[in-house]
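In: Give me coordinates for this.
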Amino acid sequence: MSVLVYRDKSIAGAAAATLLAAQVIEKPMSVLGLDYSEDIVPVYRALARMTADGLLDWSDITAFALSEHVRADGAQSIASRMQTLFYEHVNLDAGRRFTPDAEAADWSVACTDYEDGILRAGGIDLTFLAVGPDGSIAYNVGAPELAPVTHVERTQDGRVVTVGLGTVMGAQKIVAYLVGGDKAAMAGQILNGPVTPQVPATYLQLHANVVFLLDEAAAAQL
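Out: Sure thing, here's the model as predicted:
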């Protein structure tokens, strides 16, 4: 486990973009697990700029989104946000971009199909995710037990299809992003506390190749 602390979220974002860019360059056929949150919007913008400058080629990359809102519940889709923010600006083939089903007659089948798609791709090489202020990862929130695979979570904003803890932990590498003062109260527990399903991000401590990126605001209570 590596923990890197940067002066501010701008520098932390540049560091995250550099790690993802290195993965794309070192393994051009990588399979990526990509999260979406407002915290990591600058990271995708930085990657888009690198691509526009001719530094990155995404043509053989495969990307799996970590979550998607259930369309019937009315929230703006994560796929549409990623399309505008990132996919429109890089040459990642539409046939290599995957997102959990936003509408399904049978959610258990849809979730199983998503897991099967990841397996057919050879598994995820690198997962990039934002850790929530409550220690959530993707939309896996604290609970007595955590689902290991893709499933439907109920949130205040409606249902979300999200990869499970086992799916996250199955990646060869994980880059976990914590920036902002709202992460400070939980950062110590996430990095050093007991592993507990009440704080899903604590399980990342057990991963053999995880990098935590924080800014000084998030690390203020470490």
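In: Could you use CA atoms for every contact and neighbour count after this?
Out: Noted.
In: Show me the helices in the chain, by range?
Out: Secondary structure of the chain (DSSP state H): helices located at 9-26, 41-52, 78-85, 107-120, 165-169, 184-192.
In: Residue 156 is nearest to which of these?
Out: helix 78-85 (16.1 Å; C-alpha to C-alpha).
In: For the closest one, output the C-alpha coordinates as CSV.
Out: These are the backbone C-alpha positions of helix 78-85, laid out as CSV (Å, rounded to 0.1, in the frame of the first residue of the first chain):
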residue,chain,number,x,y,z
ILE,A,78,-23.1,8.5,-15.6
ALA,A,79,-22.5,7.3,-19.1
SER,A,80,-23.7,10.6,-20.5
ARG,A,81,-21.5,12.6,-18.1
MET,A,82,-18.4,10.5,-19.0
GLN,A,83,-19.2,10.9,-22.7
THR,A,84,-19.2,14.7,-22.5
LEU,A,85,-16.4,14.9,-20.0
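In: Where does pLDDT dip in this protein?
Out: The model of the chain has no residue with pLDDT under 70.
In: Next, the contact list for residue 67, please.
Out: By C-alpha atoms under 8 Å, 6 or more residues apart in numbering, the contact list for residue 67 reads 35, 78, 99-100, 138-139, 160-163.
In: Just the ones of the residues you listed in strands?
Out: 160-162 (DSSP state E).
In: Now render the residues you listed as TSV, adding neighbour count and distance to residue 86.
Out: Below are these laid out as TSV (neighbours: other C-alpha atoms under 10 Å; distance: C-alpha to C-alpha, whole Å):
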residue	neighbour count	distance to residue 86
160	25	21
161	26	21
162	27	20
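In: from those residues, which single one is nearest residue 203?
Out: Closest to residue 203, out of all of the ones in strands among the contacts of residue 67 and judged by C-alpha to C-alpha, is residue 162, at 16.7 Å.
In: Could you check how far that closest one is from residue 36?
Out: Separation of residue 162 from residue 36 (C-alpha to C-alpha, to the nearest Å): 11 Å.
In: Give the residues shared as contacts by these two.
Out: Contacts common to residue 162 and residue 36, judged by C-alpha under 8 Å, 6+ apart, are residue 66.
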